[in-house]
Each structure stands twice: as C-alpha cells, then as structure tokens.
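Q: Dropping the sequence and predicted coords here.
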Amino acid sequence: MMKMQKKGYLKAFRAAFPYTIPVLTGYLFIGIAFGVMYQEKGYNFLWAILMSILVYAGSGQYLAVNFFAPQVGWWDVIFMTFMVNIRHIFYGLSLLERFGKMGKKRLYMMFSLTDETYSLFFITKVPKDVEEDKFLFAIALLDQSYWVLGSAIGAIAGALIPFNAEGIDFAMTALFIVIFVEQWLAGGNRIPAVIGLVSATVFRILSGADNFILPSMICIMLCLIAGRKYIEKQERKTDAA
C-alpha cells in the first residue's frame, strides 16, 4: 500500500513539474530579489530561508522587509499584511470543495496558496492517470520549493556579494504581469480577466493606490457570483470549440 502511494506521488510530481516551469523561472528570480533585500537589512541569510518556509507570502514577504524598522508597530504590520493578502480569502472560498476532499493535506494546501499556484490550479487540467489531490499537492509543494530555493540563493549571494537593491522589488509586479499575459494569450474564457481589469482600474481611480484592493476584490467577487451561470456557459462553449 505504501509503495503504491509513493508511486502515485512520484507520478503526480512528474506530471505536475512541466506545468510549474513558468513559476520556477519566476520564483527563482523574485525569490533571489527577496533574499537580497532581506539580507541587505543586516539579517542572517538563514532568516530569509526560514521566512520563506514558514511564512511563504510572496508580496507579503516583500512588504515585510520594511516591517523591521523601529517605528513600525505590530498593529501596522497586522493591518498592512491583511490588506496585501486579503485576496486569499476569495481564493480559498473558490477552492473549498476541492480542498475538502484532500484530508490532512488540505492544511498545507491552504497555507501554500499563492497567486501563481492558484492560477495553475484553474488553468491546468489534471491528467487522467493521476489522482487530483496528489497532482494539486505536487504543484503547491514544487512552487514553494522554488521560492525557498530562490530566497536561499539571494540571501547567500547578498551576504557574499555587495548589491544595490534599489528597484529590485519590481520583480514581483513583473511576474504578475507575465502570468496574466500568458493566460490572456492562451485564449479561453476571458470574462473573469476583463472583470478583474475593469474593477481594479475603476477602484484604483476612485480609491487611490493605497485603498483599491479590498473594494475591487469585493466587486470582482460579486460580479463573478452574479454572472456565474453565464460565465460557466461561455466556458463550456470554449472547451467544446
């Protein structure tokens, strides 16, 4: 039984790896950028690696680099982290059914849910000869391993080689843009993407750069719920074509 499970996981990791290569290339570079930024603050490189293992928050970790200043209070840290990562509430709601079938693994799946991993869950079709729970678990674990590896490289390199880290935090924004463009060019149902673009643009104008995330996410969620049947109908048409 154990041998069959190990073979099942090995098969899942082999099947999942090709789909995670874009995340591998992106996470290595932005992980390196995070490691360099973190080490530049004067912390031991091991802390950057540990943070990527235990926190694993992507843009939240970039933001956290600035939290270690004396004037930043705990409530500021909590509020800013919540605002940056509030979108994960909506991610989780859309995956309740799939994660609910994964037993104990669902705890790690909830922890490891990043923007890129979430995207892969929805644009990647599970191979017919691979169990879905093992396949999704493989994607999540591979993605985090890339992030940890990139953080380790950046932190160690930053400790050994002097770097000017100015502007390096744009790497995360660049990755988001690349993933969005790839999904758009892949075709398929673009209605959710259009809803996201319009909502973010409108509330960016109305609320400003510091306050548009929450209202735009709420607007996106309401639009997707209201238009769910129509979106699913268009999705079926796209798949049939």
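A: In hand now; what should we look at?

Q: Only C-alpha atoms from now on, for both contacts and neighbour counts.
A: Fine.

Q: Okay, domains of the chain per the record?
A: Listed by automatic domain parsing, the domain ranges of the chain are 2-183, 187-241.

Q: Comparing those, which comes out most buried?
A: Counting by mean count of other Cα atoms under 10 Å, domain 2-183 has the highest mean neighbour count of the domains of the chain, with a mean of 17.

Q: List the residues that contact residue 221.
A: residue 90 (Cα atoms under 8 Å, 6 or more residues apart in numbering).

Q: Next, it: secondary structure please.
A: What DSSP: H, G, I helix; E, B strand; the rest coil gives for residue 221 is helix.

Q: so what does the top helix by length along the chain touch, helix or strand wise?
A: Longest helix in the chain, counting residues (DSSP state H): helix 2-40. Using 3 or more Cα pairs under 8 Å, 6 or more residues apart in numbering; DSSP states H and E, the elements in contact with helix 2-40 are helix 45-54, helix 115-123, helix 132-160, helix 170-185.

Q: Quick check: mean pLDDT of it?
A: For helix 2-40, the mean per-residue pLDDT is 84.

Q: That helix relative to helix 132-160, how many degrees between them?
A: Counting by axes from the mean of the first three to the mean of the last three Cα atoms, to 10 degrees, helix 2-40 lies at 30 degrees to helix 132-160.

Q: Where does residue 62 fall, secondary structure wise?
A: helix 59-64 (DSSP states H and E).

Q: ok, and what's touching that helix?
A: 34, 51, 52, 55, 77, 81, 84, 85, 169, 172.

Q: Run a quick check on residue 150 versus residue 28, I expect a contact.
A: Yes: if you go by Cα atoms under 8 Å, residue 150 and residue 28 touch, sitting 4.2 Å apart.

Q: on that earlier part again, show me which pair in the contacts of helix 59-64 is furthest apart.
A: 77 and 172 (19.7 Å; Cα to Cα).

Q: quick one: contacts for residue 139?
A: 13, 16, 17, 20, 117, 120.

Q: try residue 41
A: Per Cα under 8 Å, 6+ apart, neighbours of residue 41: residue 65.
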